[in-house]
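Undergrad: Sequence first, then the predicted structure, then my questions.
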Amino acid sequence: MLADDGVLSLPLDRAADIAEPASTIKDTKRHQAARMNLGDSFRDQTRFSEHLAARVRGQHDVFRQYLRLNRRSD
C-alpha cells in the first residue's frame, strides 16, 4: 500500500483490518483541513479549551482520550 509520503508495509492477511480505519482517519483529517481552510481552527473543532478544563479537573489527561469520549457529529 502506498502512502502520500512513503510506503506502508503490512501483512496481507491484515490489510482489510488496517485499511478501513486508515481510510476513516484520512477522511477525518481531510474534513478537518477543509474546515480549517474555511476559518474553523483545529482548536475550535476539537473544543481544545474544554479538554484543558477537563485536565484541570483531573479528567482526560490524554487529548486522544478526550477526543474519543467527546466526538463531534459535525
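TA: Looks like it arrived, so ask away.
Undergrad: where are the low-confidence patches of the chain?
TA: Residue ranges of the chain with pLDDT under 70: 1-6, 72-74.
Undergrad: what about the strands in it?
TA: Taking DSSP state E to define them, one finds strands in the chain at 2-3, 6-7.
Undergrad: quick one: the helix of greatest length in the chain to chain centroid distance?
TA: Ranked by residue count, the top helix of the chain under DSSP state H comes out as helix 15-37. Here helix 15-37 is found 8 Å from its chain centre; the criterion is Cα atoms, centre = their mean, to the nearest Å.
Undergrad: helices or strands up against that helix?
TA: helix 42-45 (3 or more Cβ pairs under 8 Å, 6 or more residues apart in numbering; DSSP states H and E). Any C-beta I mention is one placed from the backbone N, CA and C, and that applies to glycine too.
Undergrad: neighbouring contacts of the helix it packs on?
TA: The contact list for helix 42-45, computed with Cβ atoms under 8 Å, 6 or more residues apart in numbering, reads 32, 35-36, 48-49, 72.
Undergrad: quick check, nearest of these to Gln65?
TA: Nearest to Gln65 out of those is Phe48 (Cβ to Cβ; 13.7 Å).
Undergrad: what sits against Asp61?
TA: Applying Cβ under 8 Å, 6+ apart, the residues near Asp61 are Arg55.
Undergrad: any idea how far Asn70 is from it?
TA: 14 Å (Cβ to Cβ, to the nearest Å).
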